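Colleague: Let me see the structure of the following:
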Amino acid sequence: MDRLKAICRALPGAVEEPAWVGVRWRVGKKTFAHVLPVKGGKPAAYAKAAGVDDGVVLTFRSEVALKRPFFRAVWGTTWGPQVYGVVLGAKPDWKRLRALIAVSHRLMGGAG
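Modeller: Presented below is the predicted three-dimensional model:
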């Protein structure tokens, strides 16, 4: 969590705040990253999209389709950048996640 927070906080204009579940990072009024625990299959939409009953899920926006280990969320708009996510395992690929989060930040209106 500390590493993820550092990545998100380093982006220009990023604001960290509690989400309805977990923590989210916004630029302006738009969320560019959201991390939350999935426990016992809840929240159901996240558990279903990620294909897990328990784990920590990170979601973000992407303008390109991503393949496993990433998943496309079952919610969001039908236009523009789509919501994707990943279950954060024991050894996340931080270099790739940093790049994806930076793109999400830019897509949601961030500078950089």
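Colleague: What residues are bridge-paired with V87?
Modeller: For V87, the beta-bridge partners are V57 (DSSP bridges).
Colleague: Pretty sure it sits against A50.
Modeller: Yes. With contacts counted by CB atoms under 8 Å, V87 reaches A50, the gap being 5.2 Å. (Glycine included, C-beta is placed from N, CA and C.)
Colleague: Excluding chain neighbours, give the residue nearest to the residue lying farthest from the centre of the chain in space.
Modeller: For the chain, the residue at maximal distance from the C-alpha centroid (CA atoms, centre = their mean) is G40, at 20.1 Å. Computed as CB to CB, 6 or more residues apart in numbering, the closest residue to G40 that is not its neighbour in sequence is D53, at 6.3 Å.
Colleague: so where's this structure uncertain?
Modeller: Applying pLDDT under 70 to the chain picks out residues 76-81, 112.
Colleague: which residue ranges form the strands in it?
Modeller: Listed in chain order, the strands of the chain (DSSP state E) span 14-18, 23-27, 30-38, 55-62, 70-72, 82-87.
Colleague: Sheet partners, orientation included, of the first one?
Modeller: Looking at strand 14-18 with DSSP bridges, its paired strands and their directions are strand 23-27 (antiparallel).
Colleague: Could you report the neighbour count for P18?
Modeller: 8 (other CB atoms under 10 Å).
Colleague: The one 3 residues further on now?
Modeller: When neighbours are counted by other CB under 10 Å, V21 registers 16.
Colleague: so who does the closest residue to it other than its chain neighbours touch?
Modeller: Of all residues not flanking V21 in the chain, L36 sits nearest, at 4.6 Å (CB to CB, 6+ apart). Each residue near L36 by CB atoms under 8 Å, 6 or more residues apart in numbering is listed here: A19, V21, G22, V23, P43, Y46, V56, V57.
Colleague: How about L36: which residues does it bridge to?
Modeller: Bridge pairing for L36 - DSSP bridges - gives V57.
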